[in-house]
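Student: Turn this into a structure:
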Amino acid sequence: MEEVTSLWVFGYGSLVWKPGFQHGQTAVGHIEGLARRFWQGNETHRGTPGRPGRVATLVEEAGSVTHGLALELKGEEALDYLNNREMTLGGYRQQIATFHPSEKEIPSFPVLVFVATPQSKHWLGPACLQSIAKQVVQSSGPSGHNVEYVIKLARWLRKTFPDVHDDHLYTIETHVMIEMTINNMDIDLLVGEDDDASTVANASSAPLAAAPSARASYSSSCTGKTLRCVKL
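Tutor: Purely as a prediction, here's the structure:
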């Protein structure tokens, strides 16, 4: 079987329902040892300067499993777009993780992951989940209301992985719904229609000709052309 050397990215936040770029094949599955947490602030998409929203990042946590979507990157434009969206604007950095597809016949393969750390200027860190939900309900930015980010992520995860329970995400979602009720907010106005429904529909069934294999140029330091960082 011919070796596949495509670069893939792992989506665990808005990338699962709003990639924003033309991608190739997709696959649902999980990564291990990293937990999804709403500890990153955002002032460019789901908040504004001085009034950041809360978005997801991944933190190291032994035994944790985070489910999401792997997307194949096609062309340098896709990587440039992601580097700008996630690193330049979002305050994330690149690292490589091992993706485990839900379809057992497909072997694990490396994926690019964008992760925020306490060194990010947008880092907010842990807080009680009710406080996080209050901040979400009070935040909005150029890409839409922060509520949309939480609700669409929770809906995608629940639909794609009905047997998976993400306690952190689903508890925040519950608190967000309570806060919206208290403040007489209309969820339909804030969330609207599902974005990129085709990605959701095709994610669980898209066949992979072969699992990608690691290349020497896979590096979080952005060496070579594969992980070329955007300089803006």
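Student: Could I get the average pLDDT for stretch 179-190?
Tutor: For stretch 179-190, the per-residue pLDDT values average out at 95.
Student: Identify the residues contacting that stretch?
Tutor: Here stretch 179-190 makes contact (CB atoms under 8 Å, 6 or more residues apart in numbering) with 133-134, 136-137, 144-145, 147-148, 151, 177. C-beta here means a position set from N, CA and C on the backbone, and glycine is covered the same way.
Student: Now with 6 Å, please.
Tutor: 133-134, 137, 145, 147-148 (CB atoms under 6 Å, 6 or more residues apart in numbering).
Student: Looking at those, which is nearest K104?
Tutor: E148 (33.6 Å; CB to CB).
Student: Check the gap between A97 and A70 for me.
Tutor: 10 Å (CB to CB, to the nearest Å).
Student: typo on my end, it should be R51
Tutor: Computed with CB to CB, the distance linking R51 and A70 is 33 Å.
Student: Looking at those two, which is more packed in?
Tutor: Set R51 next to A70 and count neighbours by other CB atoms under 10 Å: A70 wins out with 28 against 13.
Student: Parallel or antiparallel, which strands does whichever strand or helix holds the more buried one pair with?
Tutor: Element membership for A70 (DSSP states H and E) is strand 53-73. In the sheet, strand 53-73 lines up against strand 8-11 (antiparallel), strand 23-42 (antiparallel) (DSSP bridges).
Student: Go through the last one and flag the buried ones.
Tutor: Spelled out, it's strand 23-42. Within strand 23-42, the residues scored as buried using 16 or more other CB atoms under 10 Å are 23, 25-31, 34-42.
Student: Please identify which of the strands paired with strand 53-73 is closest to E173.
Tutor: Using CB to CB, the nearest of these to E173 is strand 23-42, at 10.4 Å.
Student: Now do the closest one: distance to the chain's middle.
Tutor: 5 Å (CA atoms, centre = their mean, to the nearest Å).
Student: Give me the contacts around it.
Tutor: Residues contacting strand 23-42 (CB under 6 Å, 6+ apart): 12, 52-59, 61, 64-67, 69-72, 74, 97, 99-102, 116, 122, 124-126, 132, 160, 203-204, 206, 208.
Student: Can you give me the pLDDT of E193?
Tutor: You'll see E193 listed with a pLDDT of 72.
Student: Kindly report the same for the one 5 residues further on.
Tutor: With respect to pLDDT, S198 has a value of 41.
Student: Equivalent analysis for E3, please.
Tutor: pLDDT, E3: 40.
Student: what about the strands in this structure?
Tutor: 8-11, 23-42, 53-73, 93-101, 109-115, 140-141, 144-145 (DSSP state E).
Student: Which one of the ones you listed lies nearest to L82?
Tutor: strand 8-11 (6.3 Å).
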